[in-house]
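Asks: 3D, please:
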Amino acid sequence: MSATTSGAPAGVVFDSVAAVLAAVGQPLGETSWMPITQARIQQFADATGDQQWIHVDPERARSGPFGACVAHGYLTLSLANLFLPQLVRYEGLRMGVNYGCDKVRFPAPVRVDSNIRGSGEVVAASAIGDDGVQVTVRITVQVQGQDKPGCVVDTISRLYF
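Replies: Residues are numbered from 1 along each chain as shown. The predicted structure follows:
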């Protein structure tokens with residue numbers, strides 16, 4: 001393991017196709033906690049046009065099914081992109097692309113002002129030619145104080161060393 005950039009939590013470093021292939025089943029650790037603020041929820045609502053009251057109307061949401069505003073599921077999902085480079089880093093990479101996601105689930109709501117963090121695990125990897133690998137990393141968005149995560153997603157990347 002090695003540290004990632006600018007004070008981020010320690011992340012696992014892979015420097016070859018073989019290293020990624022050998023990592024299947026390996027946990028990648030956890031990121032630092034981060035708050036989910038009403039401002040972040042509102043920015044996401046503005047960016048996507050999803051202004052549903054359970055996200056953006058704190059007064060009405062207090063008497064709603066969650067007792068407060070909740071983050072959009074897709075906001076929670078999008079934070080996998082923030083957590084992934086904090087959990088894993090690739091050295092000697094010529095090119096990497098997001099290939100997609102599998103098995104996206106939202107087991108529990110993420111209430112406003114809760115703290116979340118990402119944890120990761122390499123769940124699959126397969127070689128692509130001589131210098132590439134397709135890797136699936138499961139990101140679990142943990143919610144502080146909750147048993148169930150806010151999101152679980154299998155992210156798929158194609159990496160060329």
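
Asks: how near is residue 94 to residue 103?
Replies: As for residue 94, its distance to residue 103 is 28 Å (criterion: Cβ to Cβ, to the nearest Å). The C-beta positions use only the backbone N, C-alpha and C, and glycine is treated the same way.

Asks: spatially central residue in the protein, please.
Replies: The geometric centre of the chain, computed from its C-alpha atoms, lies nearest to residue 80 (Cα atoms, centre = their mean), at 1.8 Å.

Asks: that one contacts residue 153, doesn't it?
Replies: Yes: taking contacts as Cβ atoms under 8 Å, residue 80 lies within contact range of residue 153: 5.3 Å.

Asks: after the lowest-mean-pLDDT helix or strand in the chain comes which helix or strand?
Replies: Within the chain, no helix or strand scores below strand 2-3, which has a mean of 33 by mean pLDDT, DSSP states H and E. Downstream of strand 2-3, the first helix or strand assigned by DSSP states H and E is strand 10-14.

Asks: where do the strands of the protein begin and end?
Replies: 2-3, 10-14, 27-30, 34-35, 88-90, 95-105, 115-128, 132-143, 151-160 (DSSP state E).

Asks: of these, which is nearest residue 46?
Replies: strand 34-35 (18.7 Å; Cβ to Cβ).

Asks: and the closest one, how far out from the chain middle?
Replies: Offset of strand 34-35 from its chain centre (Cα atoms, centre = their mean, to the nearest Å): 13 Å.

Asks: where does the chain have low pLDDT?
Replies: Along the chain, the parts satisfying pLDDT under 70 run over 1-10.

Asks: need the longest helix for it.
Replies: Counting residues, the longest helix found in the chain (DSSP state H) is helix 38-48.

Asks: pull the distance from that helix to the chain's centre.
Replies: With Cα atoms, centre = their mean as the basis, helix 38-48 stands 18 Å off its chain's centre.
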